[in-house]
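> Kindly return the folded structure for what I paste below:
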Amino acid sequence: MAVAIAGLVGLGLAAFEDDLADLKFSWRQIVGILGITVALLGLLPIVGSAGNGRWKMPMSGYSDALSFLNGSSFRGHRILWLGDPNAIPGASWAIKPGLAWSTSTDGLPGMANLFAPPSATAANAITGALELALQGDTVQLGRLLAPTGVQAIVVVSSVAPTVPGVQTGVQLAPVATLLPALDHQGDLIQIPGGGGAVVYEDPLSLARFSTRAVALNPAATNTSLAAISGWRPVAGTTGSAGLIAAGQRYGFVGNAPAGDFSVTSPATSAVSSPAFGWAQTVSVASGPGAITLQALPLNALIALLMIGGWIAAALLLVGRHRWLDWWWKRQPRHAAQHSNSGDEESTI
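Sure, this is the predicted structure:
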């Protein structure tokens, strides 16, 4: 359809340029001028949308309405986003039709949330817990999500926050059972949100890098309050590195897959133990400690490929004769010019 419309537009312009120029002034020229005028008027909405550079995008986003989620208290934790897949910031994974989830690390979503694998690693730790809550089979969702590091749950009901007098976000309400199910949880605390988003805090949440004085039973599950108690977040500003307090002998790594991460500390054990079925614990000692990723950063590689693609597209638009010939044939051309000058001098 788009190709056909473009062809018709091209034929119309060609007829106006070639055919009408050979005819005497009559109603045909008037109709052609009116057609061009109508086409120009049709561009006015585009000019209006591009005038402020936002192309009708909302003036304010969740980064403004929920800026408190970037606070230091959420460093080292995750934010769980729930709602319609078209309203959640970044890529998401479906739970059921009309409901999906995604997580952001250390606060609000960033570039990393634009790329996501087809399925989440250890997804059942979040999806399974949410399904239990939606079915009414648990009132302890906070305890079930604690090992995943989810400290806040944000339920969004529109693609952008609603700001009175400024903007009204397009409404995309989540499934009707979501908010009642979260309200029934005894270990979640609803806190003031913004712009129509509903925010719950999980006070039992474990930081992604936590330590403990007593070893965790490898068979322990997140249904036991004792298993998620006694952990202390590693003091630091990055959430993945900091100082391990005295007396702390075991470290918890809440990233999955567990085999892709290692812990460095003054006395880290080379052997790790499973935790909650998807995480790991290691022996540590007081002093500086950090979590290190031992796998390729796929998100960064995808971003580099995307940037490379845009650069290649720009070079193609510029034209081969403007950059390719200049780059590879500059020296041969100079040599050929000098050779021709020498031939002319010898001929003279």
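> Setting the sequence-adjacent residues aside, check what's closest to the residue nearest in space to the middle of the chain.
Ranked by distance to the mean C-alpha position of the chain (Cα atoms, centre = their mean), the top residue is residue 113 at 1.7 Å. Setting aside the residues directly before and after it, residue 113 is nearest to residue 90 in space (Cβ to Cβ, 6 or more residues apart in numbering), at 2.9 Å. Backbone N, C-alpha and C define where each C-beta goes, glycine included.
> For residue 275, see how far away the one you found is.
27 Å (Cβ to Cβ, to the nearest Å).
> Show me how the record splits this structure into domains.
Domain assignment for the chain by automatic domain parsing gives 2-50, 62-201, 209-293, 300-347.
> Let's have these in TSV, adding mean pLDDT.
As requested, those are exported to TSV (pLDDT from 0 to 100):
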stretch	mean pLDDT
domain 2-50	73
domain 62-201	87
domain 209-293	87
domain 300-347	65
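> and the residue nearest to the centre of the chain, which of the three is it?
Here residue 113 takes the helix state, with states given by DSSP: H, G, I helix; E, B strand; the rest coil.
> my guess is it meets residue 91, correct?
Yes: in terms of Cβ atoms under 8 Å, residue 113 counts as a neighbour of residue 91; the distance is 6.4 Å.
> which neighbours do those two share?
Taking Cβ atoms under 8 Å, 6 or more residues apart in numbering as the contact criterion, the residues that touch both residue 113 and residue 91 are residue 102.
> The protein: helices as residue ranges?
Taking DSSP state H as the criterion, the chain contains helices spanning 2-14, 27-42, 44-50, 62-65, 124-134, 141-145, 178-183, 298-318, 320-328, 330-347.
> Return the first one as PDB; C-alpha atoms alone will do.
Backbone C-alpha positions of helix 2-14 (Å, rounded to 0.1, in the frame of the first residue of the first chain) are rendered in PDB as follows:
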ATOM      1  CA  ALA A   2       2.700   2.400   0.900                       C
ATOM      2  CA  VAL A   3       4.600   1.700  -2.300                       C
ATOM      3  CA  ALA A   4       1.400   2.300  -4.400                       C
ATOM      4  CA  ILE A   5       0.800   5.600  -2.700                       C
ATOM      5  CA  ALA A   6       4.400   6.700  -3.200                       C
ATOM      6  CA  GLY A   7       4.100   5.700  -6.900                       C
ATOM      7  CA  LEU A   8       0.900   7.700  -7.400                       C
ATOM      8  CA  VAL A   9       2.400  10.800  -5.700                       C
ATOM      9  CA  GLY A  10       5.400  10.500  -8.000                       C
ATOM     10  CA  LEU A  11       3.200  10.200 -11.100                       C
ATOM     11  CA  GLY A  12       1.200  13.200 -10.000                       C
ATOM     12  CA  LEU A  13       4.400  15.300  -9.600                       C
ATOM     13  CA  ALA A  14       5.700  14.200 -12.900                       C
END
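> which residues are in contact with that helix?
Applying Cβ under 8 Å, 6+ apart, the set of residues contacting helix 2-14 is residue 35.
> Hmm, residue 209 is touching residue 244, no?
No: between residue 209 and residue 244 there is no contact under Cβ under 8 Å: 9.2 Å.
> list residues touching both of the two?
Counting by Cβ under 8 Å, 6+ apart, the shared contacts of residue 209 and residue 244 are 234, 251, 289.
> Could you find the closest non-adjacent residue to the second one?
Counting by Cβ to Cβ, 6+ apart, residue 284 is the residue found nearest to residue 251 once chain neighbours are left out, at 4.2 Å.
> Also the last one?
Nearest residue to residue 289, sequence neighbours excluded (Cβ to Cβ, 6+ apart): residue 265, at 3.8 Å.
> Neighbours of the one you found, how many?
Residue neighbour count, defined by other Cβ atoms under 10 Å, stands at 21 for residue 265.
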